[in-house]
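In: Quick one: sequence plus predicted model below, questions after.
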Amino acid sequence: GLKKAAVGCHEYSGHPVQERMMQYHGTQCGFCTPGMVMQMWGGLTQHKAAGGKNLSEEEVENLDLLAGNLCRCTGYRPISDCLKSFAKDSTVSFPEAAKGPYETKGNDPKFPEFLAPKPGSEESKGFARPSTLKALKAVWNPDKVVISGHTGWGVYPELYALRPLIGAPSVVQIDAVSELNKIERNGDRLIFGSSVKLNDLAFALEENKGKVSNPVREHILLIAGHQVRNLGSVGGNLMMVKRKGFASDLATILSCADGFVTYLNARKREVSKPLLEFLSSDRDEACLLLKISICLGAEEDGPSMISYRSALRPRNAYSFINAAMLYSVKEGF
């Protein structure tokens, strides 16, 4: 059950993240502590840091792993020190407090099997969660409600409210479709499925550096917060633009990076066109977004990219306005 798989419980000693929180005095009233602990552990796990072994202290700070979690007691410094203590080159110190990466084996929990999603190509009570593109094409039609990470519910609850979808005869969840989660490079272009998560795209761009891809990655990390980027898909974000005119930073920067899309039309035929053209066309057009590609740009030669956004906060806030542009600087200027 959950008590056997949770991050620490009353039946066995605490997880290293929990112990560090106590050692660095990162908890006072305790209200925010569970969220902080899960955010730290999730960040270390997601970034494939193996308990912190692959993260430097500078990377821990730049990744803003605690973004979106609020504390009204400690002033964040001890909580931040706790997180930085897991870095391989940690410089924080506190009397009798541990420092450095922790051993994941025997400490990190496993996801409860009874909660694990079970992909299937056949519909069950009006809900389908196919695991292959072939199965998706078999169950999808223009009348279906398509969801992936389902974070759009927070923006447009009147369209994506969860309760009406439960048991509805028209829901297809595409997050388990293997082809829609692939990221691959072809020459100077990066191709990624519509169900790729925003954070996963940012990680891929970090590994495929270029004068265009680097600014795209930096801007993606300003969108929403870690929790949303861990679930929100690229395709879902773009479809909100097409259907509702959502003021998306992602659509702007991907369009500037020579974005192209491939989608299924009402006849289930694949169509490819520039992203900007796709978003500007009929918003009620029957379509299922499959993949997106962008130009990475050269590492030295070629145009550079710059982007802007204006919002109430640097993160966790919609932008009032955003912009992106490519520019070249000629010798002699």
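Out: Looks like it arrived, so ask away. Numbering: from 1, shown residues only.
In: For the rest of this, base every contact and every neighbour count on C-alpha atoms.
Out: Noted.
In: Tell me where the protein is predicted with low confidence.
Out: Scanning the chain with the threshold set as pLDDT under 70 gives 1-13, 47-49, 115-125, 159-169, 332-333.
In: List of residues touching the lengthiest helix in it?
Out: For the chain, the helix reaching the highest residue count under DSSP state H is reported as helix 33-46. Residues outside helix 33-46 that contact it (CA atoms under 8 Å, 6 or more residues apart in numbering) are 7, 17-18, 21, 27, 50-52, 65-66, 69, 83.
In: who are the neighbours in contact with the residue positioned nearest the centre of the chain?
Out: Residue closest to the average C-alpha location in the chain (CA atoms, centre = their mean): R229, at 2.7 Å. Contacts for R229 (CA under 8 Å, 6+ apart) come out as 197-199, 223.
In: One more: L70?
Out: Counted by CA under 8 Å, 6+ apart, L70 has contacts C32.
In: SS state for it?
Out: Classification of L70 using DSSP: H, G, I helix; E, B strand; the rest coil returns coil.
In: ok, back up a step: please spell out which residues along the longest helix of the chain are buried.
Out: 33, 36-44 (16 or more other CA atoms under 10 Å).
In: Who are the packing partners of the helix or strand S80 falls within?
Out: Here S80 sits within helix 77-84, counting by DSSP states H and E. Applying 3 or more CA pairs under 8 Å, 6 or more residues apart in numbering; DSSP states H and E, we find helix 77-84 packed against helix 16-23, helix 57-62.
In: which residue ranges form the helices in the stretch 101-250 of the chain?
Out: Assigned by DSSP state H, counting those that start in this stretch, the stretch 101-250 of the chain shows helices spanning 133-139, 157-160, 162-165, 198-207, 213-220, 226-231, 234-244, 249-256.
In: Quickly compare the ones you listed and say which is most buried.
Out: helix 249-256 (a mean of 22; mean count of other CA atoms under 10 Å).
In: Work out the gap between that one and the centre of the chain.
Out: Its chain's C-alpha centre and that of helix 249-256 lie 16 Å apart, by CA atoms, centre = their mean, to the nearest Å.
In: Next: stretch 172-190.
Out: Distance, stretch centre to chain centre, for stretch 172-190: 14 Å (CA atoms, centre = their mean).
In: what residues does it touch?
Out: Contacts for stretch 172-190 (CA under 8 Å, 6+ apart): 119, 127-133, 136, 139-140, 144-149, 191-196, 201, 204, 290-291, 293-298.
In: Filter those residues down to the buried ones.
Out: With burial judged by 16+ other CA under 10 Å, the buried subset of those is 119, 127-133, 136, 139-140, 144-149, 191-196, 201, 204, 290-291, 293-297.
In: Report the buried residues of the helix holding S80.
Out: Neighbour counts over helix 77-84 (16+ other CA under 10 Å) mark 78-84 as buried.
In: want to throw the residues you listed into TSV with distance to K105?
Out: Converted to TSV, the buried residues of helix 77-84 look like this (distance: CA to CA, whole Å):
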residue	distance to K105
P78	26
I79	24
S80	24
D81	23
C82	20
L83	19
K84	20
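In: can you pull the contacts of S213?
Out: Residues in contact with S213, defined by CA under 8 Å, 6+ apart, are 205-206, 257, 295-297.
In: Can you give me the distance of it to E207?
Out: Per CA to CA, to the nearest Å, S213 is found 10 Å from E207.
In: and stretch 185-199, how far out from the chain's middle?
Out: Per CA atoms, centre = their mean, the centroid offset for stretch 185-199 relative to its chain is 13 Å.
In: Can you show me the CA trace of it as PDB?
Out: Below are the C-alpha coordinates for stretch 185-199, written out as PDB (Å, rounded to 0.1, in the frame of the first residue of the first chain):
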ATOM      1  CA  ARG A 185      17.400  15.000 -33.800                       C
ATOM      2  CA  ASN A 186      17.500  15.100 -37.600                       C
ATOM      3  CA  GLY A 187      20.300  17.400 -38.900                       C
ATOM      4  CA  ASP A 188      19.700  20.900 -37.500                       C
ATOM      5  CA  ARG A 189      16.200  20.100 -36.400                       C
ATOM      6  CA  LEU A 190      14.800  18.700 -33.200                       C
ATOM      7  CA  ILE A 191      11.600  16.600 -33.600                       C
ATOM      8  CA  PHE A 192       9.400  15.800 -30.600                       C
ATOM      9  CA  GLY A 193       6.000  14.300 -30.100                       C
ATOM     10  CA  SER A 194       3.000  16.300 -29.000                       C
ATOM     11  CA  SER A 195       2.800  14.500 -25.700                       C
ATOM     12  CA  VAL A 196       6.400  15.400 -24.700                       C
ATOM     13  CA  LYS A 197       6.400  17.300 -21.400                       C
ATOM     14  CA  LEU A 198       7.700  20.900 -21.200                       C
ATOM     15  CA  ASN A 199      10.500  20.000 -18.800                       C
END
